[in-house]
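Asks: here is the input, now give the coordinates:
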Amino acid sequence: MYVGALELDVLLGDVHSLKEKRSVVRPLVAELRKRFEVAVSEAGHLDLHRRSLIGVAAVAADLEHVRDVLAGCERLVAGRPELELLSARTRFVGPEDD
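Replies: Coordinates of the predicted model:
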């Protein structure tokens, strides 16, 4: 079993309140969940209205599948015109990490 975690630090575009932030982040989180069947949550910068840290996790029997899924998630977020992907960090845990 392999587990992959992806942290996406994003800068939101024309957002002036936490309410507007939710209207951008919630649909993005929902799309990631639906399209890639991953666990997703806004995990940081909760009190900042123009920044968000989005956490994504995937589990599979094959490490390459986990890598592909998380890479697809990163590409989807990077391609969104309403935000800027500032950084992406990926970590993996597998059977050899006992």
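Asks: residues touching the spatially closest residue to R67 that is not a sequence neighbour, list them.
Replies: Nearest residue to R67, sequence neighbours excluded (C-beta to C-beta, 6 or more residues apart in numbering): G4, at 6.8 Å. From N, CA and C alone the C-beta is placed, and that goes for glycine too. Going by C-beta atoms under 8 Å, 6 or more residues apart in numbering, G4 touches A57, A58, V59, V66, R67, V69, L70, T90, R91, F92, V93.
Asks: hmm, try it at 6 Å
Replies: For G4, the contact set (C-beta atoms under 6 Å, 6 or more residues apart in numbering) comprises A58, V66, L70, F92.
Asks: are any of those buried, and if so which?
Replies: Among those, those classed as buried by 16 or more other C-beta atoms under 10 Å are A58, V66, L70.
Asks: let me see the confidence value for the second one.
Replies: It stands for V66. Per-residue pLDDT puts V66 at 97.
Asks: might you report the residue contacts of it?
Replies: Y2, G4, A58, A60.
Asks: then it would be within a helix, right?
Replies: Yes - checked against DSSP: H, G, I helix; E, B strand; the rest coil, V66 lies within a helix.
Asks: can you count the residues close to A39?
Replies: 13 (other C-beta atoms under 10 Å).
Asks: distance check, it against V93.
Replies: 14 Å (C-beta to C-beta, to the nearest Å).
Asks: let me see the ranges of the helices in this structure.
Replies: Taking DSSP state H to define them, one finds helices in the chain at 18-36, 63-78.
Asks: looking at those, which is buried most?
Replies: Greatest average neighbour count among these goes to helix 63-78 (a mean of 17), per mean count of other C-beta atoms under 10 Å.
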